[in-house]
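Enquirer: build me a model from this:
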Amino acid sequence: MGYEYIAITDHSSRVRPEALESQRAGIERVNRRHACQLLAGSEVDIRSDGSLGYLISSSHRSTRGSARIWMS
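Expert: I've put the predicted structure just below:
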């Protein structure tokens, strides 16, 4: 298909942590065998008041050994 990346996401409120761990392990197995890399992700609810219960995000891109993290 010519893709370098494909994202896989699940709605976070309906997925158990064990299922996410299993999914992640499966994605890692696929990524070791194929050039097109799967990206694991999660769809996170935003409440009607605009708030989030919690969200953990990580930036793995660095420039000259120093990563910039933007939070709002």
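Enquirer: helices and strands around the helix or strand R29 falls within, which ones?
Expert: Secondary structure assignment for R29, by DSSP states H and E: helix 17-33. Helix 17-33 is packed against strand 5-11, strand 37-43, with contacts defined by 3 or more C-beta pairs under 8 Å, 6 or more residues apart in numbering; DSSP states H and E. No exception for glycine: its C-beta is placed from N, CA and C like everyone else's.
Enquirer: so which of those strands is nearest E21?
Expert: Set against E21 and scored by C-beta to C-beta, those come closest in strand 37-43, at 10.5 Å.
Enquirer: okay, how far is it across stretch 28-44, tip to tip?
Expert: Taking C-alpha to C-alpha, to the nearest Å, the first and last residues of stretch 28-44 lie 22 Å apart.
Enquirer: name the surrounding residues that touch that stretch.
Expert: Residues outside stretch 28-44 that contact it (C-beta atoms under 8 Å, 6 or more residues apart in numbering): 1, 3-12, 15, 20, 23-24, 27, 52, 55.
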